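Asker: Starting from these lines, generate the structure:
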Amino acid sequence: MDAEMEKRNLRFVRYADDFSIYCKTKAEARKAGNDIYIFLRDKLKLPINKAKSGIRRPVQFQILGFGFVPVYKKGVKGKYQLVITANKWKVFKAKLNEITRKTKPKSFDQRICELNAYINGWIESRKYANIKAKLNELDSLSRSCFREVVAKSVTVLHLAPLNWSVAEIMNT
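Answerer: Here you go, the predicted structure:
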């Protein structure tokens, strides 16, 4: 499949059995779509999902948790940038909250290590997207999550001596 699209000089992205082809004009997209449809149907004998297949504008298209938005710069027209979809950002924030949840019995260092590994992996897999604003929001979100964890642990430390017996205190 890749060789066929490269032979036709098409720009494409493929992941497992899904792929998307990028064209500059609607006419070019129609021709590429028809050619690939015939190739998949006749040569490879593969079924095509009509609901998922079609010609779309970049702002109406998402792939692997990424979407496209227009670039807003003076003198720039017809350019798009890659962004993270709202759903993927929501899933990421939920995982962040799960890692930093103060009710989970973990040390502060364990939380930091787990959070670093998760955030670094997430950023690495999305390094081609425009995520600067999201990273600022992430910084603020992770700080507030850890403030809660630290506040909870300080409260527990101050309450801990109240549970000791007088004999334990006298022996120390």
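
Asker: what about residue 42, how many neighbours?
Answerer: Residues near residue 42, counting by other CB atoms under 10 Å, number 9. Just so you know, the C-beta spots here come from the backbone N, C-alpha and C atoms, and that holds for glycine as well.

Asker: So it versus residue 20, what's the distance?
Answerer: Look at residue 42 and residue 20: by CB to CB, to the nearest Å, they are 21 Å apart.

Asker: what's the answer for residue 128, then?
Answerer: Distance from residue 128 to residue 20, counting by CB to CB: 15 Å.

Asker: In terms of neighbours, single out the busier of the two.
Answerer: The neighbour comparison of residue 128 against residue 20 (other CB under 10 Å) goes to residue 20, with 14 against 9.

Asker: and the more buried one, helix, strand or coil?
Answerer: Here residue 20 is strand, with the state taken from DSSP: H, G, I helix; E, B strand; the rest coil.

Asker: Let me know the average pLDDT across stretch 29-38.
Answerer: The predicted model assigns stretch 29-38 a mean pLDDT of 89.

Asker: scratch that, stretch 8-16
Answerer: Mean predicted lDDT for stretch 8-16 stands at 82.

Asker: What residues sit buried inside that stretch?
Answerer: Using 16 or more other CB atoms under 10 Å as the test for burial, stretch 8-16 gives 10, 12.

Asker: so how far is that stretch off the chain centroid?
Answerer: Computed by CA atoms, centre = their mean, to the nearest Å, the chain-centroid distance of stretch 8-16 equals 21 Å.

Asker: could I get that stretch in CSV with only the CA atoms?
Answerer: Extracted C-alpha coordinates of stretch 8-16, given in CSV (Å, rounded to 0.1, in the frame of the first residue of the first chain):
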residue,chain,number,x,y,z
ARG,A,8,1.7,8.1,-7.2
ASN,A,9,3.6,10.8,-5.3
LEU,A,10,1.0,11.2,-2.6
ARG,A,11,1.6,12.7,0.8
PHE,A,12,0.1,10.4,3.3
VAL,A,13,0.2,9.2,6.9
ARG,A,14,-0.5,5.6,7.8
TYR,A,15,-1.0,3.9,11.1
ALA,A,16,-1.8,0.2,11.2
